[in-house]
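Engineer: Take a look and give me a structure for this.
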Amino acid sequence: MTLTALQAAVNAGDDVAALAVLANFQPASAEAQACAVLALHLGRPSLAAQWATDPLTRAAALLRLGHTEAARQTLAPLPDSPRVALLLARLLALEHQADAVPQAVTQATYARALARAEGDAGALTAAATLLGELLLPTDARAALRTLAEGLKVAEMAGEAADAHLLAVLAHVQAAVGGAEKARRTAEKALARAAPRSPARVVALLALGRSEQAHAEASAGELDGRWLTPFMGLSHLTAPDRE
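Structural biologist: Now for the predicted structure:
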């Protein structure tokens, strides 16, 4: 099996075939980084961390797995940039020390400012998403304003809104009293999210499908701390009853 076969399966949206390619697959050194990116997209962060030659990809994979110290060591030698700042903010958000959330908010705000200054739309959207998540428990309306910037980025680029941002937005909309709007947003996020991704897990939680969310997180090797901000919220939309 080759990178070409893996990419073809991903492009076709054939999740079963893509996972089959990954099984017992060892990429050539020249293809390792591209395979790592695809493995992360497919919810296989352990493979992504193993194959990645780009430290940002490796750090992102390690954070999916919850390996914050290894991610910190990977990021430590890198020069400051929007993406490095963003990954450090996610790292702080996962650490759950007494002062971790205020530090994470400060770091995510800094990442957002860098992304604005450098015109990095992807990092700006991700920073807005993380800030929305961090602000949700204490100031849902501030979270809503923050997420609106991420939506504006997509609108200006003529692109569909990011699935992870939409998933977080669904929780925020529910928190400010828009249950039906939140449900529609969560369903849109779910339709766009990659299998086993944080976006899919958060969208399932917004729809009240907690058991499925945990199963998806487990299948995608997603550390449980990614779910913590959304667990036990009284505003979650009720699960479907069919």
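
Engineer: Find the nearest non-adjacent residue to the spatially most central residue of the chain, please.
Structural biologist: Centroid-nearest residue in the chain: residue 198, 4.6 Å away (criterion: Cα atoms, centre = their mean). In space, and not counting its chain neighbours, residue 198 is closest to residue 226: 5.5 Å by Cβ to Cβ, 6 or more residues apart in numbering. (C-beta placed from N, C-alpha, C; glycine too.)

Engineer: Am I right that the one you found is in contact with residue 200?
Structural biologist: No. Between residue 226 and residue 200 there is no contact under Cβ atoms under 8 Å: 11.4 Å.

Engineer: So which bits of stretch 91-104 are buried?
Structural biologist: By 16 or more other Cβ atoms under 10 Å, the buried positions in stretch 91-104 come out as 91, 92, 93, 94, 95, 101, 103, 104.

Engineer: what does that stretch rub up against?
Structural biologist: Residues outside stretch 91-104 that contact it (Cβ atoms under 8 Å, 6 or more residues apart in numbering) are 63, 66, 68, 71-72, 75, 89-90, 107-108, 130, 133-134, 223, 225-226, 228.

Engineer: run the last query once more with 6 Å
Structural biologist: Identification of contacts with stretch 91-104 by Cβ atoms under 6 Å, 6 or more residues apart in numbering yields 68, 71, 89, 107, 134, 225.

Engineer: Now the second one. Its backbone dihedrals?
Structural biologist: Torsion angles at residue 71 (phi, psi; degrees, to the nearest 10) stand at phi -60, psi -40.

Engineer: Next, count neighbours for the residue nearest to residue 198.
Structural biologist: For residue 226, the neighbour count with other Cβ atoms under 10 Å is 20.

Engineer: With residue 29 instead?
Structural biologist: When neighbours are counted by other Cβ under 10 Å, residue 29 registers 9.

Engineer: how close does it sit to residue 51?
Structural biologist: 10 Å (Cβ to Cβ, to the nearest Å).

Engineer: Same question for residue 213.
Structural biologist: On the measure of Cβ to Cβ, residue 213 and residue 51 end up 27 Å apart.

Engineer: neighbour-wise, which of the two wins?
Structural biologist: Set residue 213 next to residue 51 and count neighbours by other Cβ under 10 Å: residue 51 wins out with 25 against 22.

Engineer: How about the more buried one, nearest residue that isn't a chain neighbour?
Structural biologist: Distances taken as Cβ to Cβ, 6+ apart place residue 36 nearest to residue 51, at 4.0 Å, with adjacent residues excluded.

Engineer: can I assume the one you found is in contact with residue 57?
Structural biologist: Yes. With contacts counted by Cβ atoms under 6 Å, residue 36 reaches residue 57, the gap being 5.3 Å.
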